[in-house]
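>>> one predicted model, sequence on top.
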Amino acid sequence: MFNSLPQPKPDAIIALMAEYAADPRDTKVDLGVGVYKDDEGRTPVMRAVRKAEERLHAAQTTKTYTKLTGDPAFVKAMQELGLGQATDRMAGAAAPGGTGALRVLFELVSRAKPDAKFHISNPSWPSHEGMLNNMGLSVSKYDYFDAETCGVRFDDMLAYVNGLGADDIVVLHGCCHNPTGANLTDAQWAQLTESAIANGWTPLVDLAYQGMGDGLEEDVTGMRHMASKVQRMMVAQSCSKNFGLYRDRAGCATVICPDVDETKLVQATLASVNRMLYSFAPDHGAALAEIILNDPELRADWEAELTEMRERINGLRDGLAEALRQATNSDRFDFIKEHRGMFSRLGVTPEQVKAMRDEAGIYMVQDSRMNIAGLTEEDLPAFARAAAAAGA
Ligand code: PMP
């Protein structure tokens, strides 16, 4: 039976990781996979996570099941982190990472409105389209990235969402857009909020990088404004990047509802959705995040380390833009300084991406998305020279 399975399409980033591993050059640079790296190329266990793990080890007396929607203390702490508060208009569930949270929310929407239409940015994180297609749900793309300016085509985006209505779900990146690095301003969030209210579409915010852009609060100002105004909104949070908990799979799905009755119905449905998908969400990573968020000392240390990570990325952004200015004699790469988050699209052709890989061992995704955190200060001149040599 299984021998007739269609061969699954290889994941481009996973394939790139394998190519990188097989490359014998010691000067090679991996800018493919989206994990944070320090200036020695390591993806560290964060200090606060290590301490929280020690505390959990000492204090945990059972591994029995949590609730179907996870530990309420974790959900509350995540809502406070993302949305600034946890209210009785918010239903929430722990989930296996940000991906799990998105999957649960997609499922919730499809139960409520089987013919709902999802709209994602063009381009977006590939799993958005992949997961929605996999579930047989309708997905279209709104204009987002301007390849010329490397900024957001906001007028086109706004015109698109202004044409939507009550059956439509608009997936927005809360901050640090993946793959482009181009983000909405707070004023643009406010305009989108007005559009959602006037036209009745529902926002679903994917928040996978809070704290990796300009700061824990700064990164969510726009999203929080929207949350404070609209009747309904969904948020999928990931603890993978900002807590470095990638493999422990910690995430949280939140649904803001118009009233307490609808919130209770959604809460019960989230439990039922979880039960059908995987029963109980993993708790280890969630417990660590909850300990850190609720302990002033650990929280301060976590915030300090997150700040170091963010400043390293933003310092590399400045350095890379400057190196490219010198190597190419043009300011066309200055947008890298304005972008935020782990990624930017360099804006070069697939042939130029390949040339940089073949000639200089620089591994970027074919669409020229690069993980800025994969660079070190020492890599910058060579990167810029390789880009110039490839004709960028
Ligand atoms: N959304 C976006 C935009 C992402 O980039 C990621 C991570 N690559 C996720 C969600 C989910 O991450 P995870 O499932 O590892 O928490």
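Sure, I can see it.

>>> within range of the ligand, give me the residues from the stretch 251-392 of the chain.
Within reach of the ligand by C-beta under 6 Å from any ligand atom, the stretch 251-392 of the chain has these residues: G251. (Glycine included, C-beta is placed from N, CA and C.)

>>> which regions of the stretch 251-392 of the chain sit below the pLDDT cut-off?
The stretch 251-392 of the chain contains no residues with pLDDT under 70.

>>> please enumerate the helices of it.
260-277, 284-294, 296-328, 335-338, 350-360, 379-389 (DSSP state H, counting those that start in this stretch).

>>> could you dump those helices into JSON lines and include distance to T180 and mean neighbour count?
Compiled in JSON lines, the helices of the stretch 251-392 of the chain are given as follows (distance: least, C-beta to C-beta, whole Å; neighbours: other C-beta atoms under 10 Å):
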{"stretch": "helix 260-277", "distance to T180": "30", "mean neighbour count": "16"}
{"stretch": "helix 284-294", "distance to T180": "27", "mean neighbour count": "23"}
{"stretch": "helix 296-328", "distance to T180": "14", "mean neighbour count": "17"}
{"stretch": "helix 335-338", "distance to T180": "10", "mean neighbour count": "18"}
{"stretch": "helix 350-360", "distance to T180": "15", "mean neighbour count": "17"}
{"stretch": "helix 379-389", "distance to T180": "18", "mean neighbour count": "19"}
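
>>> export those helices to CSV and tack on distance to H225?
Formatted as CSV, the helices of the stretch 251-392 of the chain follow (distance: least, C-beta to C-beta, whole Å):
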stretch, distance to H225
helix 260-277, 21
helix 284-294, 22
helix 296-328, 22
helix 335-338, 21
helix 350-360, 37
helix 379-389, 36
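
>>> give me the spatial nearest neighbour of V230, chain neighbours excluded.
A196 (5.2 Å; C-beta to C-beta, 6 or more residues apart in numbering).

>>> name the SS class of the one you found, please.
Assigned state for A196: helix (three-state reduction, DSSP: H, G, I helix; E, B strand; the rest coil).

>>> report how many residues lie close to it.
23 (other C-beta atoms under 10 Å).

>>> my guess is I256 contacts V230. True?
Yes: using C-beta atoms under 8 Å, I256 makes contact with V230 at a distance of 7.4 Å.

>>> the more surrounded of these two?
I256 (25 against 19).

>>> run through the bridge partners of that one.
In this structure, I256 bridges to M90, M233 when assessed by DSSP bridges.

>>> likewise P203?
In beta-bridge terms (that is, DSSP bridges), P203 pairs with V170.

>>> so who does the residue of the stretch 251-392 of the chain found nearest the ligand touch?
Residue nearest to the ligand within the stretch 251-392 of the chain (C-beta to the nearest ligand atom): G251, separated by 5.1 Å. Each residue near G251 by C-beta atoms under 8 Å, 6 or more residues apart in numbering is listed here: 94-101, 236-240, 281.

>>> let's go with 6 Å and repeat that
A95, G97, G98, G100, A101, Q237, S238 (C-beta atoms under 6 Å, 6 or more residues apart in numbering).

>>> so which of the residues you listed are in strands?
A95, Q237, S238 (DSSP state E).

>>> which one of these sits closest to I336?
S238 (23.9 Å; C-beta to C-beta).

>>> where does that closest one land on pLDDT?
On the pLDDT scale, S238 is placed at 98.

>>> wait, it touches T99, no?
No: between S238 and T99 there is no contact under C-beta atoms under 6 Å: 7.7 Å.

>>> which of those two has more residues huddled nearby?
S238 (26 against 19).

>>> quick check: bridge partners of that one?
G251.

>>> ok, it to D168 distance?
S238 sits 24 Å away from D168, going by C-beta to C-beta, to the nearest Å.

>>> thought A196 was touching N162, still the case?
No: assessed by C-beta under 6 Å, N162 is found out of contact with A196, at 10.1 Å.

>>> confirm D206 sits in a helix?
No: in this structure, D206 is strand, not part of a helix, as judged by three-state DSSP.

>>> list the contacts for it?
H173, A236.

>>> let's see it at 7 Å
G98, L102, V171, H173, G174, A236 (C-beta atoms under 7 Å, 6 or more residues apart in numbering).

>>> of those, select the buried ones using a ChimeraX command.
Applying 16 or more other C-beta atoms under 10 Å to the contacts of D206 leaves a buried subset, and the ChimeraX line that selects it is:
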select :98,102,171,173,174,236
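
>>> and of the contacts of D206, the nearest to the ligand?
Of all those, G98 has the smallest distance to the ligand: 3.1 Å, by C-beta to the nearest ligand atom.

>>> out of everything not next to it in sequence, what's closest to the closest one?
In space, G98 is closest to S238, 2.7 Å off (C-beta to C-beta, 6+ apart).

>>> roughly how far does the one you found sit from A384?
32 Å.

>>> just checking, I13 touches Y363?
No: judged on C-beta atoms under 7 Å, I13 makes no contact with Y363 at a distance of 10.0 Å.
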